[in-house]
Each structure stands twice: as C-alpha cells, then as structure tokens.
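Trainee: model this:
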Amino acid sequence: MSGRFVTTLRTRTAPIRLVNDNAPLVWTLRVQSAEAWDAIKIEVAPDTLVRDVKQAAMGALMPDVDTIDQYVVKLGGFEIVNERESIQSSGAIDGSTLLLMSRRRRAVR
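Mentor: Predicted coordinates:
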C-alpha cells in the first residue's frame, strides 16, 4: 500500500519529517486528535518509535499539554500499548492513521 490517500488529505501545516533526506524508505502517516479537532501528516521511517511520533504529534496538535502520558495512541481502534516499539512493529503501514486520545474518558453532557 502506498501513502497516496494520506498525502492527498488536507492538513493545516506541511508534513512533519522525523526522517532524514537520505532515508531509503519513508512512510506518510496521518495523526489526528479528537481533542484538538485537527490532524497532521508525519513522514517517518518504518523503524521510528511510536513514542517519537506521539511526541511530535502532541507538540504540533496540543502544545499546551505537559504530560503526554495522559494520552494514548490508537491504531485501528486499539491502543498501542508498547510505545517503545517501531511504527512497523505496531502494525502500522504506509498511509495508516493514528489517533491520539485522552487516557481518561470524559463525561458527555
């Protein structure tokens, strides 16, 4: 699968690059946050850690949040429990969408 669909999605900023220009393989991920009502594109190598992607996304989408451990990263509706594993090991592929969500559910009124 290619990241073509993800690369056509509009985001408010240019993609965040977590990979150098000489990387042999670059994946484009979409990271969205329900709390921020926004999404960004991040370009990574398959061996980039989930934690690194989370930190970059949190910095761009929710810069006022001090402790990123209050948020989880989900892929396909399931939490990625081990954030020290690579994006590829987590099951993501080029073009995947990751969701950032608060660890604690909030009451709906």
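
Trainee: what's the following helix or strand after the lengthiest helix in the chain?
Mentor: In the chain, assigned by DSSP state H, the helix with the most residues is helix 50-61. Beyond helix 50-61 on the C-terminal side, the first helix or strand identified by DSSP states H and E is strand 71-75.

Trainee: how far is that next one from where the chain is centred?
Mentor: With CA atoms, centre = their mean, to the nearest Å as the basis, strand 71-75 stands 8 Å off its chain's centre.

Trainee: ok, the nearest residue to Ile16 once chain neighbours are set aside - contacts?
Mentor: In this structure, Ile16 finds its nearest non-sequential neighbour in Ile42, 4.7 Å apart by CB to CB, 6 or more residues apart in numbering. Heads up, the C-betas are built off the backbone N, CA and C, glycines and all. Applying CB atoms under 8 Å, 6 or more residues apart in numbering, we find Ile42 in contact with 15-18, 28-31, 53, 56-57.

Trainee: Output the longest helix of the chain as CSV, nothing but the C-alphas.
Mentor: What follows is helix 50-61 as a C-alpha-only set of coordinates in CSV (Å, rounded to 0.1, in the frame of the first residue of the first chain):
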residue,chain,number,x,y,z
VAL,A,50,5.7,5.1,18.3
ARG,A,51,6.7,7.4,21.2
ASP,A,52,8.7,9.7,18.8
VAL,A,53,5.6,10.0,16.6
LYS,A,54,3.4,10.7,19.6
GLN,A,55,5.8,13.4,20.9
ALA,A,56,5.9,15.2,17.5
ALA,A,57,2.2,15.0,17.0
MET,A,58,1.4,16.2,20.5
GLY,A,59,3.8,19.1,20.1
ALA,A,60,2.0,20.2,16.9
LEU,A,61,-1.6,19.4,17.8
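
Trainee: For it, which outside residues touch it?
Mentor: Helix 50-61 is contacted by residues 13, 16, 18, 29, 31, 33, 36, 38-40, 42, 44, 65, 68, 71, 73, 80, 82-87, 90, 98, 100 when judged by CB under 8 Å, 6+ apart.

Trainee: where does the protein have low pLDDT?
Mentor: 1-12, 105-109 (pLDDT under 70).

Trainee: what about the strands in it?
Mentor: Secondary structure of the chain (DSSP state E): strands located at 16-17, 27-33, 38-44, 71-75, 78-79, 97-102.
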